[in-house]
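*Asks:* pasting the structure only:
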């Protein structure tokens, strides 16, 4: 492994602050990638549709109705399995079980030693320090598989909508375990959108859920800006109305080789397309937030009673 100071340079930091997203090539060695891919394959083989709940992850919807059940809430510290929407038919799975998984999460940094070691590595701690975190906390770690042919599109979003602190402080560490291309649904983002687009809504646990499968909701909040870097309220007026046309014009694809790290500011607008190719797009991702900032009980992801968010 390279010296963390050489791996994440001043140029990387400047690009992240300017664009809200930056690629760090060679973050993992080929040997590290191979080891994590091997473990991911083992986890996929462990999935048994006869003994696990069948929970789909509907990436194309905005209302959260598919992910409001207790299985979802209990996944914060576990390796839970969530299926691709297109893997399900009225008769059951349309593909082999290991090819049906959308993601495994949301507690790989706790439940899986290899992913835990990477998450808590010196290079990750160094980057968090360079970004300005004083008490970084880890949450929502997962392998996303983006399966061949059925890997669902993820609509434009901001991570701080789902992992909200006051003020917002989320940052995603998105690590490619396979080459990520336009064909298999690579990440896309709008450069600089973290500096102009406030957080205006939150994904929360519903106060009075109608049923167990509608226990989450999106709620509007006052426009709120991230702590990293500090932003001005006056920037709100400069934000154009969101539209698919503007997204397509402004969006930049992030095609990367396996082993690359993509840092994603919690306020930057990003998405990924459906995977229509014959190749999967495995990635490991986790998020950090500033421990000094309020992380309240409305957030969907909550640790078990008596536990706090994991210190980095």
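*Replies:* Cool, got the structure. Model, not experiment: these values are computed from the prediction.

*Asks:* distance from the chain centre to the helix or strand residue 129 falls within, please.
*Replies:* Assessed by DSSP states H and E, residue 129 sits inside helix 122-131. Relative to its parent chain, helix 122-131 has a centroid offset of 18 Å by CA atoms, centre = their mean, to the nearest Å.

*Asks:* could you point out which element follows that helix?
*Replies:* The element immediately downstream of helix 122-131 (helix or strand, assigned by DSSP H and E) is strand 136-144.

*Asks:* what's next to that following strand, contact-wise?
*Replies:* 40, 43, 76, 102-110, 115, 119-120, 125, 128, 162-163, 177, 281-291, 295, 301, 308-312 (CB atoms under 8 Å, 6 or more residues apart in numbering). For glycine as for every other residue, the C-beta is placed from the backbone atoms N, C-alpha and C.

*Asks:* for stretch 270-282, what does the pLDDT average out to?
*Replies:* For stretch 270-282, the mean pLDDT works out to 97.

*Asks:* start and end of that stretch, how far apart?
*Replies:* 18 Å (CA to CA, to the nearest Å).

*Asks:* next one: stretch 249-261
*Replies:* Termini of stretch 249-261 sit 25 Å apart (CA to CA).

*Asks:* do stretch 82-100 as well
*Replies:* 9 Å.

*Asks:* next one: that stretch to chain centre, how far?
*Replies:* 22 Å.

*Asks:* mind listing what's buried in that stretch?
*Replies:* By neighbour count on 16 or more other CB atoms under 10 Å, the buried set for stretch 82-100 is 82-84, 86-88, 95, 97, 99-100.

*Asks:* do the same with stretch 272-281
*Replies:* 272-275, 277, 279-281.

*Asks:* who's in contact with it?
*Replies:* 144-154, 178, 180-188.

*Asks:* quick one: which of the residues you listed sit in helices?
*Replies:* Counting by DSSP state H, no part of the contacts of stretch 272-281 is found in helices.

*Asks:* need the buried ones from the residues you listed selected in PyMOL.
*Replies:* To isolate the buried ones among the contacts of stretch 272-281 in PyMOL, judged by 16+ other CB under 10 Å, type:
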select buried, resi 144+145+146+147+148+149+150+151+152+154+178+180+181+184+185+186+187+188
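
*Asks:* now the helices: where do they sit in the chain?
*Replies:* 4-7, 10-19, 30-46, 70-73, 108-111, 113-119, 122-131, 244-250.

*Asks:* for the stretch 101-250 of the chain, what spans make up the strands?
*Replies:* With DSSP state E, counting those that start in this stretch, the ranges of strands along the stretch 101-250 of the chain come out as 101-106, 136-144, 154-157, 171-176, 187-189, 199-205, 216-224.

*Asks:* can I get those in CSV with mean pLDDT and distance to residue 21?
*Replies:* Below are those laid out as CSV (pLDDT from 0 to 100; distance: least, CB to CB, whole Å):
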stretch, mean pLDDT, distance to residue 21
strand 101-106, 97, 20
strand 136-144, 99, 17
strand 154-157, 95, 13
strand 171-176, 99, 9
strand 187-189, 98, 5
strand 199-205, 95, 17
strand 216-224, 93, 20
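
*Asks:* let me have the ones you listed in JSON lines, extended by distance to residue 18.
*Replies:* Output for those, formatted as JSON lines (distance: least, CB to CB, whole Å):
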{"stretch": "strand 101-106", "distance to residue 18": "30"}
{"stretch": "strand 136-144", "distance to residue 18": "22"}
{"stretch": "strand 154-157", "distance to residue 18": "20"}
{"stretch": "strand 171-176", "distance to residue 18": "15"}
{"stretch": "strand 187-189", "distance to residue 18": "12"}
{"stretch": "strand 199-205", "distance to residue 18": "20"}
{"stretch": "strand 216-224", "distance to residue 18": "21"}
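
*Asks:* quick one: least confident helix or strand in the chain?
*Replies:* The weakest-scoring helix or strand in the chain, judged by mean pLDDT, DSSP states H and E, is strand 56-57 (a mean of 61).

*Asks:* which residues touch the residue of the chain positioned farthest from its centre?
*Replies:* Residue farthest from the centre of the chain, counting by CA atoms, centre = their mean, is residue 91 at 30.8 Å. Under the criterion of CB under 8 Å, 6+ apart, residue 91 has no neighbours.
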